[in-house]
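1. For reference, the sequence and a predicted model appear below.
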Amino acid sequence: MSIPTPHIECKDKNLIAKTVLMPGDPLRAKFIADTYLTDVVQFNHVRNMFGFTGNYKGKRISVMGSGMGMPSIGIYSYELFNFYDVENIIRIGSCGAYTKDLKLYDVLLVEESWSQSTYAKVQNGYDKDVIESSKELNEQIENYAKELNIPIVKGRIHSSDVFYNGDFDAYKKYRDEYGCLAAEMESFALFANAKVSDKKASCILTVSDNIETKEETSSEERQNAFTKMMEIALQFAE
Ligand SMILES: O=P(O)(O)O[C@H]1O[C@H](CO)[C@@H](O)[C@H]1O
Ligand SMILES: O=c1cc[nH]c(=O)[nH]1
């Protein structure tokens, strides 16, 4: 397929940087562009899935919404990797913690995603239920977090197709039997696409709610207040 794609209207590959930060929410992408970037060019408006490229402290980086769920990030990350020559995608998302050891606003680095999703099997025949993120990007993320003095928790998360589970207590099984610290809904498909595209992907998450303690942040905070993970990810500008 050539560019533009059905979902990204950008006609010039050079308008998208080698590293793209991907929040689920396109308004979080706009917040990052408005707050941190200069010389911003908006490279996508299709379906309001905003994408921007700009300079962070003089170095170039892109940021684009992925939408919610694996089919959505599956489309955008595949097109960025395969048709726009993007090398690295770092998802910066929110997650629901499965353990009371995690507090609101804690930052998690996803080492691996566990999922019941068939995304990777349908896409390329991969039939395991765990996919790792890029060790190379993760090392950089850990170094950047150290330099910025931002504590991070590393581990396995549950990448789920379901936000409203009919069995409220199912999270206990995902935590106790499968070792998942928290839930989100995109990283498994992102990591699957990175694998088949021979590219790199990682995922940094901020705890937006705690399923065990029932604490939660507001939708406005989810859009605008998760600045620690944004600042770590922005260090990838080059
Ligand atoms: O805040 P984002 O990045 O969208 O991440 C999480 O929030 C959404 C659910 O509210 C899902 O997309 C989940 O993965
Ligand atoms: O997928 C998600 C994201 C945030 N909070 C949750 O409970 N689940």
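-> Good, I have the coordinates. Ligands and ions are numbered 1, 2, ... in the order given.

2. what about the residue in the chain that ligand 1 sits nearest to, which helix or strand?
-> Distance from ligand 1 to each residue of the chain (Cβ to the nearest ligand atom) is smallest for G24, at 2.1 Å. (Glycine included, C-beta is placed from N, CA and C.) Following DSSP states H and E, there is no helix or strand that holds G24.

3. Which helix or strand lies directly C-terminal to the lowest-mean-pLDDT helix or strand in the chain?
-> Within the chain, no helix or strand scores below helix 219-224, which has a mean of 82 by mean pLDDT, DSSP states H and E. On the C-terminal side of helix 219-224, the closest following helix or strand by DSSP H and E is helix 227-234.

4. What parts of this structure come near ligand 2?
-> Residues of the chain lying close to ligand 2 by Cβ under 6 Å from any ligand atom are 94-96, 163, 183-185, 208-209, 211.

5. Report the entries of these that also contact ligand 1.
-> Near ligand 1, by the rule Cβ under 6 Å from any ligand atom, you find 94, 163, 184-185 out of those.

6. sorry, back to before: which residues sit against the least confident helix or strand of the chain?
-> 25, 27-28, 31, 94, 208 (Cβ atoms under 8 Å, 6 or more residues apart in numbering).

7. which residues does A170 contact?
-> By Cβ under 8 Å, 6+ apart, the contact set of A170 is empty.

8. so how far is S160 from it?
-> Going from A170 to S160 by Cβ to Cβ, to the nearest Å gives 10 Å.

9. Over to C10?
-> Separation of C10 from S160 (Cβ to Cβ): 31 Å.

10. Repeat that for G51.
-> Distance of G51 to S160, computed by Cβ to Cβ: 25 Å.

11. Which one's more surrounded, these two?
-> Set side by side, G51 and S160 show more neighbours around G51, with 28 against 24, by other Cβ atoms under 10 Å.

12. Surely that one touches V41?
-> No. Using Cβ atoms under 8 Å, G51 makes no contact with V41, being 9.4 Å away.

13. I'd assumed D39 was in contact with G54.
-> Yes. Using Cβ under 8 Å, G54 is in contact with D39, at 5.5 Å.
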